[in-house]
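[1] Following is a predicted model, sequence given first.
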Amino acid sequence: MPKISVIVPAYNAQNTILETIYSVLQQTFSDFELIVINDGSTDKTLERLSTVKDARLKIYSYPNGGLP
């Protein structure tokens, strides 16, 4: 079980998602899981996430929940 869970919400984040993911993955502390919650993106967010090959990355997709 990882010591830390990093949770990144994403909605139509194709322009920034890879920069965000790689920033987390390059940290010197490595005992973490990186969870991306895709909130029904209609752009290429999921396609870009699928290019990341790291066992610490977990991607969960749900229909868009709208405003909190």
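    Yes, it's here.
[2] which residues does the residue found closest to Ile7 once you drop the neighbours it is linked to in the chain contact?
    Nearest residue to Ile7, sequence neighbours excluded (C-beta to C-beta, 6 or more residues apart in numbering): Ile35, at 4.8 Å. Just so you know, the C-beta spots here come from the backbone N, C-alpha and C atoms, and that holds for glycine as well. Residues near Ile35 by C-beta atoms under 8 Å, 6 or more residues apart in numbering: 5-8, 58-60.
[3] From the residues you listed, pick the one nearest Ser50.
    Nearest to Ser50 among the contacts of Ile35: Ile59, at 8.1 Å, using C-beta to C-beta.
[4] if I've got this straight, that closest one is in a strand?
    Yes. Using DSSP: H, G, I helix; E, B strand; the rest coil, the secondary structure at Ile59 is a strand.
[5] Double-check it against Ser41; I have them as touching.
    No. When contacts are counted by C-beta atoms under 8 Å, Ile59 is not listed as touching Ser41 (10.9 Å).
[6] Which residue ranges of the chain form helices?
    17-25, 45-49 (DSSP state H).
[7] Now do the buried residues in the longest one.
    Meaning helix 17-25. Residues 17, 21 are the ones in helix 17-25 that count as buried (16 or more other C-beta atoms under 10 Å).
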